[in-house]
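# model the structure of this input:
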Amino acid sequence: MAGISLKKVVKRFGVYEIIHGADLEVADGEFVVFVGPSGCGKSTLLRMIAGLETISDGTVSIGGRIVNDIEPADRGVAMVFQSYALYPHMTVEQNLSFGLRMTGHDKADVARRVKRSADTLRISELLKRKPRQLSGGQRQRVAIGRAIMREPQLFLFDEPLSNLDAELRVQMRVELARLHKELGVTMIYVTHDQTEAMTLADRIVVLNAGNIEQIGAPLDLYDDPANRFVAGFVGSPKMNFMAGRIVETNNGAAIVELVNHRGARLRKPAVDAPAVGSDVVIGVRPEHFFNAGEGDCDITIKADVAEHLGSVSYVYANAGREELIIEREASRQRANGDHLTVALRADRSLLFDKTGARVR
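Got it, this is the predicted structure:
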């Protein structure tokens, strides 16, 4: 096992800088997930750790050893890709053992590792099958088993579940969490799926346009995002953003008028509030709307569509140019143009300035 340290890591392709001085410390045995939109640099950062991309500047250390100039095969790293990359003419057992056999490993040691990988991933009964005889989830377990065969210090996963259907993704998330618990090996996992990140990670690294926006435990990022980007990216359904304007500041608080909601006002504690007249944004999670009269101010919206999920419904509504998602108990479902009044609470909302920075 090994911890990982990234210090001011930069990646350039020609004159274009893709990663802008990333700093990150991953503890030995930790499960860290990189999340962010497409093109944010999360897979590039992972590939630099693996050695599949050169590092333009800065250092990457694995287990206390700087690995900038060390070949991928010598870094003690195993990587699992989005594609399974199994040899179609080989059995599962042959796919698992191929890499070690090609490097001249002892047959008894190879057999021991095959048994360990198969037992860990519960694919022992599949060893004589070929990839075409396996389901997508079984193929992914074989790909992970091949990585386990190397007994690496570090596992790297690059969107390994994106080819699976929804039910298999849930199943494989459970398998990966169990695998991490059993092996206790450091794992870094790349995904754009917030649900995967929230359920798997010890810590999440949120990336945007080559920058690390925030690092923290899943619920810390959910409850206390550093800026509007993190607030909007972490969580599903996403956070609602409502246009506001500072109309008064006093005693360490800002009075925010919700400009699309007929003058509704919310008093937010804010030591460094923007000046009166400044445009701001109020952020509210779908589950943080309350029944009318049970908060600090009420707003009325027009409910267009209700998505019913059994115990709860998500009401998709609009107010002027704002589209809102509101979580309600299933018994309170509303839709089809009905008007619905809900309450906001200051302690369940967040305040952002016009640049997206959090106002506290």
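# what sits against the nearest residue to residue 338 once chain neighbours are set aside?
Leaving aside its chain neighbours, residue 338 sits nearest to residue 303 (4.9 Å; criterion: C-beta to C-beta, 6 or more residues apart in numbering). Every C-beta, even on glycine, is put in place using the N, C-alpha and C of the backbone. For residue 303, the contact set (C-beta atoms under 8 Å, 6 or more residues apart in numbering) comprises 315, 316, 317, 326, 334, 335, 336, 337, 338, 339, 340.
# do residue 72 as well
50, 51, 52.
# tell me the helices in the protein, going along the chain?
Using DSSP state H, the helices of the chain run over 42-50, 92-102, 107-121, 136-148, 166-183, 194-200, 218-223, 228-233.
# picking that back up, got CSV for the contacts of residue 72, with neighbour count too?
Below are the contacts of residue 72 laid out as CSV (neighbours: other C-beta atoms under 10 Å):
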residue, neighbour count
50, 20
51, 21
52, 15
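# now, which of those residues sits nearest residue 250?
residue 50 (54.2 Å; C-beta to C-beta).
# tell me how far that closest one lies from residue 147.
Distance of residue 50 to residue 147, given as C-beta to C-beta, to the nearest Å: 12 Å.
# between those two, what contacts are shared?
Jointly contacting residue 50 and residue 147 under the rule C-beta under 8 Å, 6+ apart are residue 79.
# rewinding a little: dump the helices of the chain to JSON lines, plus mean pLDDT and distance to residue 291.
Shown next, in JSON lines, are the helices of the chain (pLDDT from 0 to 100; distance: least, C-beta to C-beta, whole Å):
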{"stretch": "helix 42-50", "mean pLDDT": "97", "distance to residue 291": "40"}
{"stretch": "helix 92-102", "mean pLDDT": "92", "distance to residue 291": "55"}
{"stretch": "helix 107-121", "mean pLDDT": "91", "distance to residue 291": "48"}
{"stretch": "helix 136-148", "mean pLDDT": "90", "distance to residue 291": "42"}
{"stretch": "helix 166-183", "mean pLDDT": "87", "distance to residue 291": "32"}
{"stretch": "helix 194-200", "mean pLDDT": "91", "distance to residue 291": "27"}
{"stretch": "helix 218-223", "mean pLDDT": "96", "distance to residue 291": "22"}
{"stretch": "helix 228-233", "mean pLDDT": "96", "distance to residue 291": "24"}
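# how about the ones you listed in TSV, adding distance to residue 353?
Output for those, formatted as TSV (distance: least, C-beta to C-beta, whole Å):
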stretch	distance to residue 353
helix 42-50	27
helix 92-102	52
helix 107-121	48
helix 136-148	43
helix 166-183	36
helix 194-200	24
helix 218-223	20
helix 228-233	9
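# in space, what's closest to residue 113 - neighbours in sequence excluded?
Using C-beta to C-beta, 6+ apart and skipping residues adjacent in sequence, the residue nearest residue 113 is residue 149, 5.0 Å away.
# hang on, that neighbour packs against residue 114?
Yes - judged on C-beta atoms under 8 Å, residue 149 makes contact with residue 114 at a distance of 7.1 Å.
# where do the contact lists of these two overlap?
Jointly contacting residue 149 and residue 114 under the rule C-beta under 8 Å, 6+ apart are 96, 97.
# quick one: residue 69 from residue 315, how far?
For residue 69, the distance to residue 315 equals 56 Å [C-beta to C-beta].
# between these two, which is the more surrounded one?
residue 315 (26 against 8; other C-beta atoms under 10 Å).
# that one is in contact with residue 326, isn't it?
Yes - taking contacts as C-beta under 8 Å, residue 315 lies within contact range of residue 326: 4.5 Å.
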